[in-house]
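J.: using only what follows, build the 3D model:
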Amino acid sequence: MTVGSLLKSLQSRARQRRLPLLYTGFTVFVFLVAIIVTFPHETLIRQSLDRATAGSDTTVDFRTLQFRPLFGYHVEDLRVVPDRDEAFELRVAGLQATPSIISLLVPGRRNALDLELDIWGGKLAARLAGDPDDFAITAAGSGLNLEDGTRGLLPANGKIYGSAALELDAEGTDQGRTVDGTLILAVRDLALRDLMARGFKVPDLTFETLDLSIEAAGDTLQVRNFVASGNEVSIRATGKIKLNRSWKRSMLDLRFELTIDPDAPSGLRVLPRLLPKRKNGETFYDIRGTLGNPRIQ
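T.: Just a heads-up that it's a prediction; the model follows:
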């Protein structure tokens, strides 16, 4: 047998062996794709949410959930009710959750999940990295409609209007019990309508701008800057909020200054009468109590 015929014989045998391997590999690939596509993602996630919220006042539900390989999960009409006894409901029209391919492929990198939300008429993009005991989150949102976001949160017929943008950068441990980071919120064309305070109707208020800056350190939120500026009424505030696992029990230690233009309508000039009496010339007030039961002093 010549060298040429020997090489041809070896190549022929290699092709014969390679063909079954290719068929086997293709079959396995199709089988895995079929499992991923037909896997009952929606059923299992619903069951997981039910177990996670069992025994609590929080409920989580959604209309549809779809899984798309490489693109993650797409959820429509996500609804979160923090307290069954309250009318407030967090609604997300659409949620896209995509795992970071780089974090999955590169050893040593923290697992990461990218989120895109259609919420309150605007857009919110966020990235979650790590795990519940050591995580980081960054988020940025714009065009958020406050009327949609506060629906059911205010008593009676109270309304809040305006468009908000936010930036969040935080790190946490111990399943969120300890969080460090910053939150920056900017609201434009803020309007408060038909609100009540101590049983009295609060005069309708309008603020061209509202800027809020908060720093989180452990279980304390430090309000570094709060300025609501209007042509007739302005409010400035600083202080801190001691967080509680039940948000309504979070303790308040805030101080704010209320400034009313002397030429403001009479309905606004009587606003201080709804607040505790101050000495002549004083414009500062303290807020104590809890988020669920604040007291102005």
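J.: for the chain, where's the lowest mean pLDDT among helices and strands?
T.: Ranked by mean pLDDT, DSSP states H and E, the weakest helix or strand in the chain is helix 3-38, scoring a mean of 49.
J.: after that helix, which helix or strand is next?
T.: With elements assigned by DSSP states H and E, the helix or strand that comes after helix 3-38 is helix 41-53.
J.: which helices and strands does that following helix pack with?
T.: strand 59-61, strand 64-68 (3 or more CB pairs under 8 Å, 6 or more residues apart in numbering; DSSP states H and E). No exception for glycine: its C-beta is placed from N, CA and C like everyone else's.
J.: compare the ones you listed and give me the one nearest residue 216.
T.: Distance to residue 216, taken as CB to CB, is lowest for strand 59-61 among the helices and strands packed on helix 41-53, at 23.8 Å.
J.: centre of the chain to that closest one, how far?
T.: 15 Å (CA atoms, centre = their mean, to the nearest Å).
J.: ditto for stretch 185-200
T.: 22 Å.
J.: same deal with stretch 223-235?
T.: 24 Å.
J.: would you mark the buried spots in it?
T.: By neighbour count on 16 or more other CB atoms under 10 Å, the buried set for stretch 223-235 is 223, 226, 228, 230, 232, 233, 235.
J.: quick check: the gap between the first one and residue 188.
T.: Put plainly, it is residue 223. 20 Å (CB to CB, to the nearest Å).
J.: can you check the fifth one too?
T.: If you measure residue 232 against residue 188 using CB to CB, the figure is 17 Å.
J.: just the second one next, same as before
T.: The span separating residue 226 from residue 188 equals 15 Å under the rule CB to CB.
J.: residue 205: neighbour count?
T.: Neighbour count for residue 205, taken as other CB atoms under 10 Å: 17.
J.: picking up where we left off before, any idea which of the helices and strands packed on helix 41-53 is most buried?
T.: Each of these was scored by mean neighbour count; the highest is strand 59-61, a mean of 15, by mean count of other CB atoms under 10 Å.
J.: so for that strand, mean pLDDT?
T.: Average pLDDT, strand 59-61: 84.
J.: close enough to count as contact, residue 79 and residue 61?
T.: Yes: in terms of CB atoms under 8 Å, residue 79 counts as a neighbour of residue 61; the distance is 5.1 Å.
J.: that older thread, I'd like the helices and strands packed on helix 41-53 as a markdown table, with distance to residue 242 appended.
T.: Putting the helices and strands packed on helix 41-53 into a markdown table (distance: least, CB to CB, whole Å) gives the following:
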| stretch | distance to residue 242 |
| --- | --- |
| strand 59-61 | 27 |
| strand 64-68 | 37 |
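J.: for these, which one sits closest to residue 154?
T.: strand 59-61 (20.7 Å).
J.: who are the packing partners of that closest one?
T.: Using 3+ CB pairs under 8 Å, 6+ apart, strand 59-61 sits against helix 41-53, strand 72-81.
J.: helix or strand next in line after the shortest one, which one?
T.: Read it as strand 72-81. strand 90-99.
J.: what comes up buried for stretch 166-183?
T.: Residues 166, 168, 170, 171, 172, 173, 179, 181, 183 are the ones in stretch 166-183 that count as buried (16+ other CB under 10 Å).
J.: mind checking how far that stretch is from the chain centre?
T.: In terms of CA atoms, centre = their mean, the centre of stretch 166-183 is set 11 Å apart from its chain centre.
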